[in-house]
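Undergrad: A predicted structure for the sequence below; I have some questions about it.
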Amino acid sequence: MTWIHRCALALAFLSCLALPTVQAQPLAGTPPANASSAAAALPGATTPATETEEPLPDVESLRRQFDRLPATAEGADAVRELQASFAALSADAKRIIDARTGELNALNARLGELGAAPAPGTSEDADIKRQRQTLIRDRSAMDADLRLARLIVVDAQQRSEALRTRERDLFQAQLTDRAPFPLGGAFWRELAQAWPDDRARLAPLADELQAAGARLAAPGNRGSVLLALVLALLAITVGDVLAERGLARLAQQVLPGGRLRRSLLVIAIVVVNMTVVALALQGFLQTLRARADFGPMSGKLVALVDESVLYIVYVTSLGRALLANARPSWRLPALSNELALRLRLYPWLVALVSVLVWIPTQVAGISELSTAALRACQGITAMALVLMIAATLVRLRTPQPQPQQEQDDKATPPEPRPLWVGLALGLVTLALVGVVLLVGVGYISVASLVATQLAWTGLVAISFYVLFKFADDLFMALVSSRGEFGQRLQKSFHFSSSTLDQAAVVLSALARVLLFLYMLIALGAQLGTRPDEVLQQTDRISAGLTIGEFQIKPGAIFSALAVLVGGFVALRIFQRWLRERYLPTTTMEPGMQSSLSTLLNYVGVVLVVAAGLSAMGIGINRIAWIASALSVGIGFGLQAIVQNFISGLILLAERPVKVGDWVVLGTTEGDIKRINVRATEIQQGDRSIVIVPNSEFITKTVRNMTLTSAEGRVLIRLPMPLSTDAKRVRELMLAACSAHPGVLETPAPSLSLEGIENGSLIFQAICYVASPRLAGGVRSDLLFTILDDFKNAGLPLAVPTMMMATPPTAQG
């Protein structure tokens, strides 16, 4: 923040003290009333009060308090106080319900331990009988308290809803009231006729402010007030500069370079600026209240000075952080340097114009001025906001390039503007034209509401844009495989890069959906709805959405996500411990270890999913309809999937084949590499993988060459002439088998003379190797050796008899 901006903020601070603001009336709908909501959207924008343990109130006293409250009230302040009373009673009743529910469950558990009452005519121990009667009596009293507390909650909610409905009806009735043409004589004559009465209504407020100013100017108060003012201005200027610079240095040292630093720095700048200004403002206001002794009307104005100043600080801090003219490389939105420089003063313009047009409306409301004066204030508000928004839209337009710049841009044409941006700008332009037309035809209240809603919508959209970016950058930095923490997760738990990237995208999407819902709550409130009612609607949504017998709660959804994430991480840790630490110490063979690990993994997945459903409030008994739907699907086309799934479980349980076995299934022969839920992977001799459905291993004939023994057999059949020395052939072939290092000594190699075929002696040698996978290589080596030995010994192999057909001679 530059020193010029610091001085401007100080001037705005002083101007707000000179013209203090008041609390918004229902017709206002203006940004400062919503500033606290926008600030609350950022983490750390407010300092929560310290909660203390309070004793539970009595249900009967709560009911008496509720009966003493009136059903309706007149005036915005009275309605607001009555709604606050209903809310406090409802909160106390909910505390009683939460406490008594746990106690009632404990009583039911104790009664369950005592057992059912004996049948009439049977005896029972007197002590047990007395305990049961006492517990039943306590349970009845507690159940009655619970019923009464629930009734209080329902009645309070109904009363509050009735008040809100009445306020909305009155508000909508005021909106349809048409005023004379603002540029006509009737409008100004009405305003002139009401001016004497309005001046009389403003006199008490002016007298209170004048008396407060005189007390502040007294010699005994002047010094302390000036000192508090100087300290507040120093905190806003020097303290804010030091805090922001220290924050930027801390971000450079602690946070890695990337998108997370940019989005987090925007939020941190806003929070730091608002915290510093809020502390300075609170200190000065405490001194001001203690010395000035404000009256009822002026006290309301001064009580809301902090809202106006915090609104200015929020808008300006957010705008400066997004434009980032001092650090262009840290700029969050995709804005050019030229456009960012052109917009550098607009956050101040937006904040000051919003506050200055808000002040007259609030003064008119607190002084209960005439309808003509209120319409005049609303007309000024509408037109000022229209001019401000229109000037901002004009400023946002891309500047026309100069001739030299046009030549430079021929090589790199600018990217076309997204369609949604053009549609949004068109809708805003139509809304501005509509506001001007509404003011012209006399519907000034509607025009003021639309104009203020446009300004509020822009502020909410920009605020949630920062939160959307922060949520996406946070999960991408923490979970994605490209981040440092994600790489640690990958090394620690052996997650694949694609799994971490998918998890980051899913978590970011869930966070954005939640933020989008809260943005819709803030933007989609009904006409005349105040910020506190928006928060009450948020509480209703947080309480849950009931669909049939299911109740979906945002808190339960996040609890289920936490259970699923924690459960799968714990399952991965258990699997790693099982494979690397426990199973290697057992006597199980590797195939059995792999099968057991896979089976336990499936069981763990089922348990984790069941725990996640339970965290969402969906019990096992409520999944019956899912099973019914699945049964219908199985009947129409899922038979093969279910059959393969069951077959996979049978393979893992009975283990007719296991990982590492050498099997022959039809024309497929190879090594089983993995048994999945649906299919089994077989690696053939050419290193290719054949995926076979599990049902094939159950319904078809499978040759498992390593089921009972792990040895592989090598068979060599050679034809020799009838004149061959059979003993010499036997010696050479057995010697070659015994000399090979891959041939096992037990069982020993053997050779047999099978007989005579086609005029040749058939010799068959059989030897064994450690694994069927070695049989092919050993057989090739033995053939090379045997053929060389036969050649050296002069023993030729038999030549196959070939019969050649002679073509018939042509008859001449």
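TA: Thanks, I have it. Residues are numbered from 1 along each chain as shown.

Undergrad: show me what contacts Leu734?
TA: Residues in contact with Leu734 (C-beta atoms under 8 Å, 6 or more residues apart in numbering) are 749, 751, 765. The C-beta positions use only the backbone N, C-alpha and C, and glycine is treated the same way.

Undergrad: hmm, 10 Å instead?
TA: Contact analysis of Leu734 by C-beta atoms under 10 Å, 6 or more residues apart in numbering lists 748-751, 765, 767.

Undergrad: turn these into TSV, columns for neighbour count, secondary structure and distance to Phe468.
TA: Converted to TSV, the contacts of Leu734 look like this (neighbours: other C-beta atoms under 10 Å; DSSP: H, G, I helix; E, B strand; the rest coil; distance: C-beta to C-beta, whole Å):
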residue	neighbour count	secondary structure	distance to Phe468
Ala748	13	coil	76
Pro749	20	coil	75
Ser750	12	strand	77
Leu751	18	strand	80
Ala765	22	strand	75
Cys767	28	strand	71
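
Undergrad: from the residues you listed, pick the one nearest Ala775.
TA: Nearest to Ala775 among the contacts of Leu734, counting by C-beta to C-beta, is Cys767 at 9.5 Å.

Undergrad: the contacts of Leu734: which two are farthest apart?
TA: So, the contacts of Leu734 by C-beta to C-beta: farthest apart are Ala748 and Ala765, at 11.6 Å.

Undergrad: hey, what's in contact with both of the two?
TA: With C-beta under 10 Å, 6+ apart as the test, Ala748 and Ala765 both reach 734, 737.

Undergrad: as JSON lines, the contacts of Leu734 with distance to Glu757 and pLDDT would be great.
TA: Shown next, in JSON lines, are these (distance: C-beta to C-beta, whole Å; pLDDT from 0 to 100):
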{"residue": "Ala748", "distance to Glu757": "26", "pLDDT": "89"}
{"residue": "Pro749", "distance to Glu757": "23", "pLDDT": "92"}
{"residue": "Ser750", "distance to Glu757": "20", "pLDDT": "91"}
{"residue": "Leu751", "distance to Glu757": "17", "pLDDT": "91"}
{"residue": "Ala765", "distance to Glu757": "16", "pLDDT": "93"}
{"residue": "Cys767", "distance to Glu757": "22", "pLDDT": "93"}
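
Undergrad: using the three-state scheme, assign Ser123.
TA: Here Ser123 takes the coil state, with states given by DSSP: H, G, I helix; E, B strand; the rest coil.

Undergrad: any idea how far it lies from Lys129?
TA: Computed as C-beta to C-beta, to the nearest Å, the Ser123 to Lys129 distance reads 10 Å.

Undergrad: these two: which is more packed in?
TA: Lys129 (14 against 7; other C-beta atoms under 10 Å).

Undergrad: tell me which helix or strand that one sits in.
TA: Using DSSP states H and E, the element containing Lys129 is helix 126-175.

Undergrad: tell me the average confidence for that helix?
TA: Average pLDDT, helix 126-175: 78.

Undergrad: likewise for stretch 230-241?
TA: 82.

Undergrad: can you give me how far it is from the chain middle?
TA: Chain-centre distance of stretch 230-241: 38 Å, with C-alpha atoms, centre = their mean, to the nearest Å.

Undergrad: ends of that stretch, how far apart?
TA: Here the two ends of stretch 230-241 are set 16 Å apart, with distance taken as C-alpha to C-alpha, to the nearest Å.

Undergrad: circling back to that earlier point, in CSV, list the contacts of Leu734 along with distance to Ala87.
TA: Output for the contacts of Leu734, formatted as CSV (distance: C-beta to C-beta, whole Å):
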residue, distance to Ala87
Ala748, 93
Pro749, 93
Ser750, 95
Leu751, 99
Ala765, 95
Cys767, 90
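
Undergrad: now flag whichever of those is closest to Arg199.
TA: Closest to Arg199 out of the contacts of Leu734 is Cys767 (119.8 Å), distances taken as C-beta to C-beta.

Undergrad: so who does Thr457 touch?
TA: Each residue near Thr457 by C-beta under 10 Å, 6+ apart is listed here: 428, 431, 519, 522-523.

Undergrad: could you rerun that using 8 Å?
TA: Contact analysis of Thr457 by C-beta under 8 Å, 6+ apart lists Leu523.

Undergrad: what helix or strand is it on?
TA: helix 444-478.

Undergrad: got the buried residues for the helix or strand following that helix?
TA: Counting by DSSP H and E, the next helix or strand C-terminal to helix 444-478 is helix 484-493. By neighbour count on 16 or more other C-beta atoms under 10 Å, the buried set for helix 484-493 is 486, 489.

Undergrad: stretch 138-156 now?
TA: 139, 142, 145-146, 149, 152-153, 155-156.

Undergrad: pick the one among the residues you listed closest to Met476.
TA: Ranked by distance to Met476 (C-beta to C-beta), these are led by Val153 at 42.3 Å.

Undergrad: double-check that closest one against Ala88; I have them as touching.
TA: No - counting by C-beta atoms under 8 Å, Val153 does not reach Ala88; the two are 12.0 Å apart.

Undergrad: quick one: buried residues of stretch 597-616?
TA: Neighbour-count burial for stretch 597-616 [16+ other C-beta under 10 Å]: 597-599, 604, 608, 610, 612-613, 615-616.

Undergrad: show me where this protein has strands.
TA: 545-547, 550-552, 662-665, 668-675, 679-683, 689-693, 703-704, 712-721, 750-757, 760-769 (DSSP state E).

Undergrad: let me have the ones you listed in JSON lines, extended by distance to Glu161.
TA: Output for those, formatted as JSON lines (distance: least, C-beta to C-beta, whole Å):
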{"stretch": "strand 545-547", "distance to Glu161": "18"}
{"stretch": "strand 550-552", "distance to Glu161": "20"}
{"stretch": "strand 662-665", "distance to Glu161": "69"}
{"stretch": "strand 668-675", "distance to Glu161": "60"}
{"stretch": "strand 679-683", "distance to Glu161": "58"}
{"stretch": "strand 689-693", "distance to Glu161": "59"}
{"stretch": "strand 703-704", "distance to Glu161": "72"}
{"stretch": "strand 712-721", "distance to Glu161": "81"}
{"stretch": "strand 750-757", "distance to Glu161": "96"}
{"stretch": "strand 760-769", "distance to Glu161": "84"}
